[in-house]
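got a structure for you, letters missing:
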């Protein structure tokens, strides 16, 4: 069974937004991705004081975590952005648009926070996705047994 997602950009009585879908629903395996920050594979921060560089690294990390569950950005139903300054949101949106390409945008929320786990971090993003029951992790092509909940740790 394939994940089937329905995106509703403007439910009755709600103004449409070009930045996200107000409602997304579907079927498949639920995947929760812990908040990702701008860490490279060795745990070093990428782009200190550079929200655009951090946003690109965060979406690269999200891509890797989604792949571990046999998912891609097209399967994401919800993103939550945690930023130390709402002025970083244009950089986050640019990196998101690059990562998502032509895929419909998921539901999303943005929250300004006082701080993240390390002072040089500016952005953290968590994701929820619905993946086809037979999706194979990491593109291996092998079908996986149905899993009801997958959580991928953010590595902190």
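Right, received. Where do you want to start? If you're wondering where the values come from, they're calculated on a predicted model, not measured in any experiment. Numbering: from 1, shown residues only.

buried set for the helix or strand containing residue 110?
Assigned by DSSP states H and E, residue 110 belongs to strand 107-112. Under the neighbour-count criterion of 16 or more other CB atoms under 10 Å, strand 107-112 has 107, 108, 110 buried. Quick note: C-beta positions are derived from backbone N, CA and C, even for glycine.

show me what contacts the second one?
In this case it means residue 108. 19, 20, 78, 79, 80, 81 (CB atoms under 8 Å, 6 or more residues apart in numbering).

Residues in a beta bridge with the residue sitting nearest the centre point of the chain, which ones?
The centroid of the chain falls nearest to residue 127 when counting by CA atoms, centre = their mean (3.8 Å). In this entry, residue 127 is beta-bridged to residue 33, residue 79, by DSSP bridges.

so how far is residue 16 from it?
With distances taken as CB to CB, to the nearest Å, residue 127 is found 22 Å from residue 16.

Please apply the same query to residue 130.
Taken as CB to CB, the span from residue 130 to residue 16 is 23 Å.

So which of these two has more stuff around it?
Taking other CB atoms under 10 Å, residue 130 and residue 16 do not tie; residue 130 has more neighbours (22 against 12).

Leaving aside the residues adjacent along the chain, what's closest to that one?
Excluding its sequence neighbours, the residue lying closest to residue 130 (CB to CB, 6 or more residues apart in numbering) is residue 28, at 4.1 Å.
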